[in-house]
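*Asks:* Mind folding the following:
(one chain, ligands or ions: 1)
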Amino acid sequence: MPPQAILFDMDDTLISSFKGSPRDVWRRTLDEFHAELGHAALDATADALYAAALEFWSDVSRHKQARLDLVRTRREISGLGLRRVGVEDETLAHRIGDALNVLRDREMTLFPHAHEILDHLRAAGVRLALVTNGAHEPQWEKIRRFDLAHRFDHIQVEGDVGFGKPEPEAYFHALHALGADTKTAWMVGDNLEWEVAAPKRLGIHTVWHDHTGNGLPDNAPAQPDRIIRGLAELIEGF
Ligand SMILES: [Mg+2]
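*Replies:* Model (predicted):
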């Protein structure tokens, strides 16, 4: 039976925002900096940048401010990473951070069947909301670029409304806009805190998009009600 409503995450749920592993994205970003860093140092620098990114984003207290200004954040992470390999160069850090943004933007693509599945769900009478964290401009740029706006009954961007996942208001506001409640709604997403642990506490049925295919990590904060490897699995059975 289809649910009454589905709340969808956008990044890495409907849109694939990088190719390969996150560490490889840093490594590809560094290709154009071989003159400054030296070919031999590129792998070690990529490891350091990735480690700095993991450490940076693991700090929940600064996550919200950081994701609302990704340009500044990625410059800062690049600076932290470069320092780990003994490079103190703020200009270079800014250029690497900006280059990462450009590369991610270029490699961004819709996951297979995204439009088709959304349209199918809507035609089946399921009310759909897009609930995405991040700032107004970059998020709406993606919504337009990937032709998502008209496919949803409600679009909620953190930078527009002032609250985001995992704040309970983010889910309740979207459900209210759809005329739905927690008992008849699903949340679909890739983030185990924002789209599984937090909505599950509110009684929402949670679907984890395991887009990497690596399975649930040992330290998962909660068990999703369902795990899908691809979006097409969402409409199986109805
Ligand atoms: Mg996501």
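*Asks:* Which secondary structure element of this structure has the lowest mean pLDDT?
*Replies:* The weakest-scoring helix or strand in the chain, judged by mean pLDDT, DSSP states H and E, is helix 60-67 (a mean of 90).
*Asks:* Just the C-alphas of the next helix or strand after it, formatted as CSV.
*Replies:* Beyond helix 60-67 in the direction of the C-terminus, DSSP states H and E gives the next helix or strand as helix 70-84. C-alpha atoms of helix 70-84 as CSV (Å, rounded to 0.1, in the frame of the first residue of the first chain):
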residue,chain,number,x,y,z
LEU,A,70,29.5,25.8,1.9
VAL,A,71,32.0,28.0,0.0
ARG,A,72,33.5,29.3,3.2
THR,A,73,33.3,25.9,4.8
ARG,A,74,35.1,24.1,2.1
ARG,A,75,37.8,26.7,2.1
GLU,A,76,38.2,26.3,5.8
ILE,A,77,38.4,22.5,5.5
SER,A,78,41.0,22.8,2.8
GLY,A,79,43.1,25.0,5.1
LEU,A,80,42.8,22.5,7.9
GLY,A,81,43.8,19.6,5.6
LEU,A,82,46.8,21.5,4.1
ARG,A,83,48.1,22.3,7.6
ARG,A,84,48.0,18.5,8.4
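*Asks:* got the residues of the protein near the ion?
*Replies:* For the chain, the contact set with the ion under C-beta under 5 Å from the ion comprises 9, 11-12, 190-191. C-beta here means a position set from N, CA and C on the backbone, and glycine is covered the same way.
*Asks:* all helices in this structure, in order from the N-terminus.
*Replies:* Remark: helices assigned in the chain by DSSP state H are 22-30, 34-37, 42-57, 60-67, 70-84, 90-107, 114-123, 136-145, 158-161, 168-178, 198-201.
*Asks:* Could you report the neighbour count for residue 197?
*Replies:* 17 (other C-beta atoms under 10 Å).
*Asks:* is it true that it touches residue 166?
*Replies:* Yes: counting by C-beta atoms under 8 Å, residue 166 is a contact partner of residue 197 at 7.2 Å.
*Asks:* Turn the helices of the chain into CSV, including mean neighbour count and distance to residue 4.
*Replies:* Shown next, in CSV, are the helices of the chain (neighbours: other C-beta atoms under 10 Å; distance: least, C-beta to C-beta, whole Å):
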stretch, mean neighbour count, distance to residue 4
helix 22-30, 19, 35
helix 34-37, 13, 53
helix 42-57, 18, 34
helix 60-67, 13, 30
helix 70-84, 19, 34
helix 90-107, 16, 35
helix 114-123, 17, 11
helix 136-145, 16, 23
helix 158-161, 16, 22
helix 168-178, 19, 8
helix 198-201, 21, 15
